[in-house]
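Novice: no FASTA, just this:
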């Protein structure tokens, strides 16, 4: 218990340094308006049709129902539409605490209904594995966007696609300035351009750090270029991106861009 409490406190302290609003420049730490969520992002690397079918069944019949019983959600389940490493599935799990995410596997192991439904996936033989590898990262929501927000199209069960972008920074200071930049008006620029922001998360544990990840939703691929043109040409974005604090040197050194489609089991 002491170790879990120490982990939670340490991660929260690390994240606090990255959620300062511009007021922090004058020595005042701005507190978030609402409790910040934590996100676990899982990437399931697959290579065959049997694996994709088995993983989809696992998400729909076992994992997502069990996570819902644990009080977690809404759960996002996506497939990568493009990329050299497809097929790959992504799972997005929001929670109110680090502890809730850290205990997922142990709590699932105590759920008889889950174990029964998950058996083909959890106990797949080495000669026919259910997946190649799973990569997991832990993120904390930004103070300016403290909770995951599904697009209206989710409730309407209408067509939607998602763009998930990861920004890597060349230094910790550059990373802090990029997070600050989002909290200083970049959210509103996305909304004004017609995007629906889903989440913005700072990576606490993961690869290629320091980095952040965010997700946007669109009605269709046809909107993609038009929305980004509207964003780049928005006067508020031009003003923000010209601010010397964010523009005097590169604060983003690499961008990973994924276009995702929701799986039938997705709650987002």
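Specialist: Happy to help now that I have it. Since the structure is predicted, the reported quantities are computational estimates derived from the model, not experimental observations. Numbering: from 1, shown residues only.

Novice: State the mean pLDDT of stretch 117-135.
Specialist: The average pLDDT within stretch 117-135 is 96.

Novice: switch to numbering from 144
Specialist: That works, and once the first residue is 144, the last one we named lands at stretch 260-278.

Novice: quick one: buried residues of it?
Specialist: Buried positions in stretch 260-278, judged by neighbour count with 16 or more other Cβ atoms under 10 Å: 260, 261, 264, 267, 272, 273, 274. All C-beta atoms are positioned from the backbone trio N, CA, C, and that covers glycine.

Novice: Quick check: the two most widely separated of those residues?
Specialist: Using Cβ to Cβ, the pair of the buried residues of stretch 260-278 lying farthest apart is 260 and 272, separated by 18.6 Å.

Novice: Tell me where the model's unsure across this protein.
Specialist: 144-176, 226-227 (pLDDT under 70).

Novice: residue ranges of the strands in the chain, please?
Specialist: 181-188, 219-223, 231-238, 276-284, 304-311, 339-348, 354-361, 397-405 (DSSP state E).

Novice: I'd like the ones you listed as JSON lines, with distance to residue 317 appended.
Specialist: Shown next, in JSON lines, are the strands of the chain (distance: least, Cβ to Cβ, whole Å):
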{"stretch": "strand 181-188", "distance to residue 317": "22"}
{"stretch": "strand 219-223", "distance to residue 317": "28"}
{"stretch": "strand 231-238", "distance to residue 317": "26"}
{"stretch": "strand 276-284", "distance to residue 317": "18"}
{"stretch": "strand 304-311", "distance to residue 317": "10"}
{"stretch": "strand 339-348", "distance to residue 317": "13"}
{"stretch": "strand 354-361", "distance to residue 317": "11"}
{"stretch": "strand 397-405", "distance to residue 317": "12"}
